[in-house]
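Enquirer: Below are the sequence and a predicted model; questions follow.
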Amino acid sequence: MSDSKVFAGGIFAVGLAFLAAFFLFSNGTLTKASAAEDTAGPNMVISVEGKGKIVVDLRSDLAPNHVAQMVELAKEGAYDGVAFHRVIEGFMAQTGDVQFGKKGSNGPAGTGGSSRPNLKAEFTDEPFQRGTVGMARSMDRDSANSQFFIMFAPASHLNGQYTVVGQVVEGMDVVDAIKRGVGQSGSVANPDYMGSVTIEE
């Protein structure tokens with residue numbers, strides 16, 4: 001994996017006007033979200049060091065395979081100590097690189113995944129709104145693994161192009177307080193970290 005794993009290495013930095021064009025490469029068929037939305041969990045509880053707690057309602061009804069992998073990684077403690085390595089003001093905060101996102105890792109954060117296999121896309125028509133959690137991937141639609149991002153604001157150009165895995169139901173103030181990156185890529189030199197990530201069934 002390369003840093004393209006996290007929004008194809010700077011695609012998101014060229015401006016929203018150009019972004020939509022980049023995301024039209026996928027011609028996958030959208031699937032209708034279940035009418036009975038899963039709002040009862042499992043919940044992912046993210047403790048951000050020095051800032052507070054974020055609770056994400058994971059949407060197994062939308063993306064059962066992605067959610068299952070995230071739950072397994074969280075239960076193993078794989079997400080503990082992982083950086084928010086790419087944070088773009090007005091757009092999103094990205095984390096979840098369990099391979100290279102921890103302090104002292106020997107690779108650049110954002111270029112790794114996990115020891116688990118990549119996942120086939122589970123695109124739906126669920127919109128990307130403020131607080132929506134989606135899975136990061138490269139230009140390959142079936143390349144999501146462990147990295148995920150939380151939206152600061154709506155981004156309709158992502159709809160149907162990235163797998164929606166959840167929604168923040170508590171702690172958007174904590175999300176808003178995550179340290180922003182610099183430059184077009186949103187790379188964060190001294191990032192905030194997820195201290196612990198647990199699952200509440």
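Expert: That came through fine.
Enquirer: Can you give me the pLDDT of the residue most central in space within the chain?
Expert: In the chain, the centroid-proximal residue (Cα atoms, centre = their mean) is residue 148; its distance is 1.7 Å. Among the per-residue scores, residue 148 holds a pLDDT of 98.
Enquirer: can you check residue 104 too?
Expert: pLDDT recorded at residue 104 is 86.
Enquirer: Now it. Its backbone dihedrals?
Expert: The main-chain torsion angles of residue 104 are listed as degrees, to the nearest 10 and equal phi 80, psi 0.
Enquirer: what about residue 169, how many neighbours?
Expert: Here the count is done by other Cβ atoms under 10 Å, and residue 169 has 14 residues near it. The way it works is simple: take the backbone N, C-alpha and C, and place the C-beta from them, glycine included.
Enquirer: pLDDT score for the nearest residue to it once chain neighbours are set aside?
Expert: Using Cβ to Cβ, 6 or more residues apart in numbering and skipping residues adjacent in sequence, the residue nearest residue 169 is residue 57, 4.8 Å away. At residue 57 the predicted local distance difference test score is 98.
Enquirer: State the three-state secondary structure for residue 57.
Expert: Recorded secondary structure, residue 57: strand (DSSP: H, G, I helix; E, B strand; the rest coil).
Enquirer: wait, it sits on residue 166?
Expert: Yes - checked against Cβ atoms under 8 Å, the pair residue 57 and residue 166 is within contact range at 5.5 Å.
Enquirer: The two: which is more packed in?
Expert: Per other Cβ under 10 Å, whichever of residue 57 and residue 166 has more neighbours is residue 166, with 28 against 21.
Enquirer: Would you mind measuring from that one to residue 133?
Expert: Taking Cβ to Cβ, to the nearest Å as the measure, residue 166 and residue 133 are separated by 4 Å.
Enquirer: intersection of neighbour lists for those two?
Expert: When Cβ atoms under 8 Å, 6 or more residues apart in numbering defines a contact, the residues bordering residue 166 and residue 133 alike are residue 56.
Enquirer: Nearest residue to the residue nearest to the centre of the chain in space, please, no chain neighbours.
Expert: Excluding the flanking residues, the one nearest residue 148 by Cβ to Cβ, 6+ apart is residue 96, at 4.6 Å.
Enquirer: Same check on residue 113?
Expert: Sequence neighbours aside, residue 145 is the residue nearest to residue 113 in space, at 3.3 Å (criterion: Cβ to Cβ, 6+ apart).
Enquirer: can you count the residues close to the one you found?
Expert: The number of residues packed around residue 145, counting by other Cβ under 10 Å, is 26.
Enquirer: separation between it and residue 116?
Expert: Residue 145 sits at a distance of 7 Å from residue 116 (criterion: Cβ to Cβ).
Enquirer: Now do the shared contacts for the two.
Expert: Both residue 145 and residue 116 are contacted by residue 69, under the criterion Cβ under 8 Å, 6+ apart.
Enquirer: quick one: low-confidence parts of this structure?
Expert: When residues are selected by pLDDT under 70, those of the chain lie in 1-41.
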